[in-house]
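# pasting the sequence and the predicted coordinates here, then a few questions.
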Amino acid sequence: MSKQKRCGGTFEWAKHTDNCLKGCSHNCRYCYARYNAVTRFKQSTPDEWVAPRLLKNWDKKRKRLDGGVMFPTKHDILPRAISTCLSVIGQHLELGNRLLIVSNSNRKNSKHLKTINEKLLMGYTIKKNIMRYQRNLNQLCRNE
């Protein structure tokens, strides 16, 4: 019996993750970050989750990383934290990191994220596309 290659999660796009907030006021029912923090690992209560706060080390010195960085993975880019998020994005781009930004489709933020850079990829979480995405991902895994 041959071993089937496992495919899934954030590491198929990026080897590293970065965040500057804990929690998200969008409180999307389908959000894996919310599920992990509130339900699976009990790191946050539902009330704490919808009141996002800065992580203690959000302004840490970042370094050059191979394999790409996904940002954010535990929150969305929220309008009230846009300057903090742009600071983190800018640090990664200045270091030459390949950056995958994943965000809930939020028109208010899109004008801030129109930076054109070959090291920057954008991805949006859209509820109606989740099942189609999962089917495509499963097909990709079978073809590898």
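Okay, I see it.
# would you mind measuring from the nearest residue to residue 68 once chain neighbours are set aside to residue 67?
The spatial neighbour of residue 68 that comes closest, neighbours along the chain excluded (Cβ to Cβ, 6 or more residues apart in numbering), is residue 14 at 3.7 Å. From N, CA and C alone the C-beta is placed, and that goes for glycine too. The spacing between residue 14 and residue 67, counted by Cβ to Cβ, to the nearest Å, is 7 Å.
# for the closest residue to residue 75 other than its chain neighbours, phi and psi?
The shortest distance from residue 75 to any non-neighbouring residue, by Cβ to Cβ, 6+ apart, is to residue 21 (4.0 Å). Backbone torsions for residue 21, taken as degrees, to the nearest 10, come to phi -130, psi 160.
# residue 95 now?
The phi and psi values for residue 95, taken as degrees, to the nearest 10, are phi -80, psi -10.
# my read: it touches residue 63, true?
Yes: checked against Cβ atoms under 8 Å, the pair residue 95 and residue 63 is within contact range at 6.7 Å.
# one step back: from residue 44, how far out is the residue nearest to residue 75?
If you measure residue 21 against residue 44 using Cβ to Cβ, the figure is 12 Å.
# the more surrounded of these two?
Taking neighbours as other Cβ atoms under 10 Å, residue 21 and residue 44 compare with residue 21 leading, 22 against 19.
# please name the residues that touch that one.
By Cβ atoms under 8 Å, 6 or more residues apart in numbering, residue 21 lies in contact with 52-55, 58, 72, 74-75, 78, 81, 84.
# give me the beta-bridge partners of it?
Using DSSP bridges, the beta-bridge partners of residue 21 come out as residue 54.
# next one, pLDDT for it please.
For residue 21, the pLDDT comes out at 96.
# the residue nearest to residue 68: neighbour count?
Here the neighbour count serves as a burial measure; for residue 14 (other Cβ under 10 Å) it reads 21.
# state whether it is indeed within a helix.
No: when DSSP: H, G, I helix; E, B strand; the rest coil is applied, residue 14 is found to be coil, with no helix at that position.
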